[in-house]
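Q: This is a predicted model, with the sequence first.
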There are 2 protein chains.
Amino acid sequence: MTKARFYHAGCPVCVSAEQALLQHLSSDVEIDVIHLGEQPGRVAEAELAGVKSVPALVIDGNVLHINFGAPIEALK
Amino acid sequence: MTKARFYHAGCPVCVSAEQALLQHLSSDVEIDVIHLGEQPGRVAEAELAGVKSVPALVIDGNVLHINFGAPIEALK
C-alpha cells in the first residue's frame, strides 16, 4: 500500500486536477485529500513535504505540482 | 480502457515525475510515453492537446502539467 496526499484549495484548477488524476490511481494507493483552505493547520505539513503550490500530489516522497491553482503562501 | 499520453523530454524533472506517477496509475490506463526530444515530429500534436511544458500527462482530455522541466517552445 502506497500512501499519498493530495493537497488542494478548492479552486477550479484543483478540482479539475483531482478529478482527472485521482480516479486513475491504482487501488493500492491510499489517498488522503487535504483542503488547505479548510484545514489551514496542515499548511506547515504541506510545506515541510515540499509543496510550493496547489494542487499538489505527494507520493513516495515526491512532490508533484500539478498545473497551478494557488501558491502555498496564499493559504497561510 | 483510458488512453493517456505522457510527454517528456528526458530531463531529470521529467524522469522523476514519470517514475513517481506512472507506476501508480491503475491498470485500466493505457499509457503512451512520448520523448519529444527524440520525436520532435510530435511536438505539434502535444501543443494541440494543450501541452505548454513538459513533463505533462494528457488524460481524458485534461492536460496535467507536472512540475516543470522545459517549455514546449524549447523542443521545436
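A: It's in. Predicted model only: the values in this text are computed from it and were never measured. Numbers count the residues shown, from 1 in each chain, chains lettered A, B, ... in the order given.
Q: Find the least confident helix or strand in chain A, judged by mean pLDDT.
A: Using mean pLDDT, DSSP states H and E, the weakest-scoring helix or strand in chain A turns out to be helix A:12-21, at a mean of 94.
Q: Distance from it to the middle of the chain?
A: Taking the mean of its C-alpha atoms, helix A:12-21 sits 10 Å from the chain's own mean (CA atoms, centre = their mean, to the nearest Å).
Q: What lies in contact with whichever helix or strand comes after that helix?
A: Towards the C-terminus, the helix or strand next in line after helix A:12-21, according to DSSP states H and E, is strand A:29-35. Contacts made with strand A:29-35 from outside it, assessed by CB atoms under 8 Å, 6 or more residues apart in numbering or on different chains, are listed as A:1-10, A:18, A:22, A:25, A:42, A:46, A:59, B:24. Just so you know, the C-beta spots here come from the backbone N, C-alpha and C atoms, and that holds for glycine as well.
Q: mind redoing it with 10 Å?
A: Residues from elsewhere that reach strand A:29-35, judged by CB atoms under 10 Å, 6 or more residues apart in numbering or on different chains: A:1-10, A:14, A:18, A:21-22, A:25, A:42-43, A:45-46, A:51, A:54-60, A:75, B:23-26.
Q: Going by neighbour count, list what's buried in that strand.
A: By neighbour count, with 16 or more other CB atoms under 10 Å in any protein chain shown as the criterion, the buried positions of strand A:29-35 are A:Val29, A:Ile31, A:Ile34, A:His35.
Q: CA-only coordinates of it in CSV, if you can.
A: In CSV, the C-alpha atoms belonging to strand A:29-35 read as follows (Å, rounded to 0.1, in the frame of the first residue of the first chain):
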residue,chain,number,x,y,z
VAL,A,29,-2.7,3.9,-3.4
GLU,A,30,-4.3,5.1,-0.3
ILE,A,31,-5.0,8.8,-0.9
ASP,A,32,-5.6,11.4,1.7
VAL,A,33,-7.2,14.5,0.2
ILE,A,34,-6.5,17.7,2.1
HIS,A,35,-8.3,21.0,1.5
